[in-house]
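Trainee: How does the following fold in three dimensions:
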Amino acid sequence: METSYIDIAEEYSIMPSISIFPGRAAHRIFMHQEQLQALHRWFDGYVATFNDIPQPDHQNITLKIEHTKKVCSLMDQLTRGEGMATADCRIAAAVALLHDVGRFPQYRRWRTFRDAVSDNHARLAIDVIREHALLANLEPLERLTVEEAVRFHNLLALPLRYRSPGDRFIRLIRDADKLDIWRVFAEHFRKPPAERPSAVTLGFPDTPGVSPCCVEQLLGHQVVQLKHVASVNDFILLLLSWVFDLNFASSYALLHQSGYGEQLGALLPDSPELDTVREAVRNYVDRQLQMANPAT
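Mentor: Below you'll find the model as predicted:
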């Protein structure tokens with residue numbers, strides 16, 4: 001989640017003529033269960049082609065395979081929680097399955113998941129989708145809906161003025177992705193150092209303290225920008241700041257149930273300043289839950 005909309009708009013376009021629609025056209029989505037199952041079979045075969053990457057680097061391939069499967073499960077929980085129609089749930093499931101397929105060629109070539117020093121993994125995902133003609137049997141609007149959601153899932157923030165019939169799917173994958181990245185990071189530090197995939201912390205040093213600008217952004221209810229991150233502690237602040245960019249009541253409910261926000265906060269050093277950060281995050285999530293369930 002590290003590239004701005006301006007960066008993406010300037011460097012890549014999915015379908016320049018219709019990628020961002022001028023209005024919300026009425027539409028139906030007709031993906032069949034057999035098509036979704038075929039995508040899952042393709043995914044399993046595709047990721048198997050990266051088995052030649054030796055350890056310890058292959059830990060990072062395994063990490064992304066597990067992440068994808070977890071995001072698929074979270075997407076199922078979100079779409080059911082939001083009461084979406086079965087056909088729309090299938091489109092959302094396809095988005096979840098394909099959102100990070102660009103991570104695999106990215107890691108093979110650059111041995112990193114940091115887009116800034118390699119390539120934008122969402123753009124790479126579109127390349128993989130098109131190279132393998134994964135959506136060729138879908139109707140054009142279905143295909144565009146999936147591609148847009150994959151392409152925009154890692155924006156720092158969605159542009160204020162865009163409109164797309166795929167808006168809900170873009171927001172769903174952004175939430176599902178965040179929910180599992182919180183898990184990945186929380187679990188990372190529970191493992192013995194030798195078992196920790198090297199790419200999780202994006203190469204940031206595990207040094208004491210935090211950057212004041214990261215704290216300031218979070219306390220201002222802003223998503224911390226990756227360009228300000230200088231350490232693992234700063235990266236934890238960035239992850240915690242994602243609570244200000246969730247889109248659905250079901251997302252806050254899943255975050256609360258997981259306890260990952262509290263676990264990440266506990267990884268930060270003890271200090272009055274960071275106690276304030278932890279409290280701000282906790283209070284914000286509590287308010288969102290209260291707004292969704294005012295009678296409780």
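Trainee: For V200, give me phi and psi.
Mentor: phi -60, psi -40 (degrees, to the nearest 10).
Trainee: Sorry, wrong one. I was asking about A186.
Mentor: The phi/psi pair for A186 (degrees, to the nearest 10) is phi -60, psi -40.
Trainee: okay, now it: neighbour count?
Mentor: Burial measure for A186: 20 neighbouring residues, criterion other Cβ atoms under 10 Å. C-beta coordinates here come from the backbone N, C-alpha and C atoms, glycine included.
Trainee: State the distance from it to P272.
Mentor: Here A186 is placed at a distance of 24 Å from P272 (Cβ to Cβ, to the nearest Å).
Trainee: got the buried residues for the lengthiest helix in the chain?
Mentor: Counting residues, the longest helix found in the chain (DSSP state H) is helix 58-81. If you call a residue buried by 16 or more other Cβ atoms under 10 Å, then helix 58-81 has these buried ones: 60-61, 63-65, 67-68, 70-72, 74-75, 77-79.
Trainee: which strands and helices sit next to it?
Mentor: helix 33-48, helix 86-98, helix 103-110, helix 167-188, helix 249-258 (3 or more Cβ pairs under 8 Å, 6 or more residues apart in numbering; DSSP states H and E).
Trainee: can you put those in CSV and add distance to E142?
Mentor: Formatted as CSV, the helices and strands packed on helix 58-81 follow (distance: least, Cβ to Cβ, whole Å):
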stretch, distance to E142
helix 33-48, 9
helix 86-98, 6
helix 103-110, 24
helix 167-188, 10
helix 249-258, 23
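Trainee: can you list the ones you listed in JSON lines and add mean pLDDT and distance to E148?
Mentor: Output for the helices and strands packed on helix 58-81, formatted as JSON lines (pLDDT from 0 to 100; distance: least, Cβ to Cβ, whole Å):
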{"stretch": "helix 33-48", "mean pLDDT": "97", "distance to E148": "17"}
{"stretch": "helix 86-98", "mean pLDDT": "96", "distance to E148": "9"}
{"stretch": "helix 103-110", "mean pLDDT": "98", "distance to E148": "19"}
{"stretch": "helix 167-188", "mean pLDDT": "95", "distance to E148": "6"}
{"stretch": "helix 249-258", "mean pLDDT": "97", "distance to E148": "20"}
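Trainee: quick one, which of those helices is nearest to N293?
Mentor: helix 249-258 (8.0 Å; Cβ to Cβ).
Trainee: That closest one to helix 58-81, inter-axis angle?
Mentor: Using axes from the mean of the first three to the mean of the last three Cα atoms, to 10 degrees, the direction of helix 249-258 lies 120 degrees away from that of helix 58-81.
Trainee: could you dump whichever helix or strand comes after helix 249-258 to CSV, C-alpha only?
Mentor: Next along the chain after helix 249-258, taking DSSP states H and E as the criterion, comes helix 260-267. Output in CSV follows, covering the C-alpha atoms of helix 260-267 (Å, rounded to 0.1, in the frame of the first residue of the first chain):
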residue,chain,number,x,y,z
TYR,A,260,-4.5,-7.9,15.8
GLY,A,261,-4.7,-4.2,16.4
GLU,A,262,-4.0,-4.7,20.1
GLN,A,263,-1.2,-7.2,19.3
LEU,A,264,0.5,-4.7,16.9
GLY,A,265,0.2,-1.9,19.4
ALA,A,266,1.8,-4.1,22.0
LEU,A,267,4.9,-4.4,19.8
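Trainee: Now tell me what touches the helix or strand following helix 260-267 from outside.
Mentor: Toward the C-terminal end, the helix or strand that comes next after helix 260-267 (DSSP H and E) is helix 272-292. Residues from elsewhere that reach helix 272-292 (Cβ atoms under 8 Å, 6 or more residues apart in numbering): 210, 215, 218-219, 221, 237, 240, 243-244, 246, 249, 252-253, 255-256, 261-262, 265, 268, 296.
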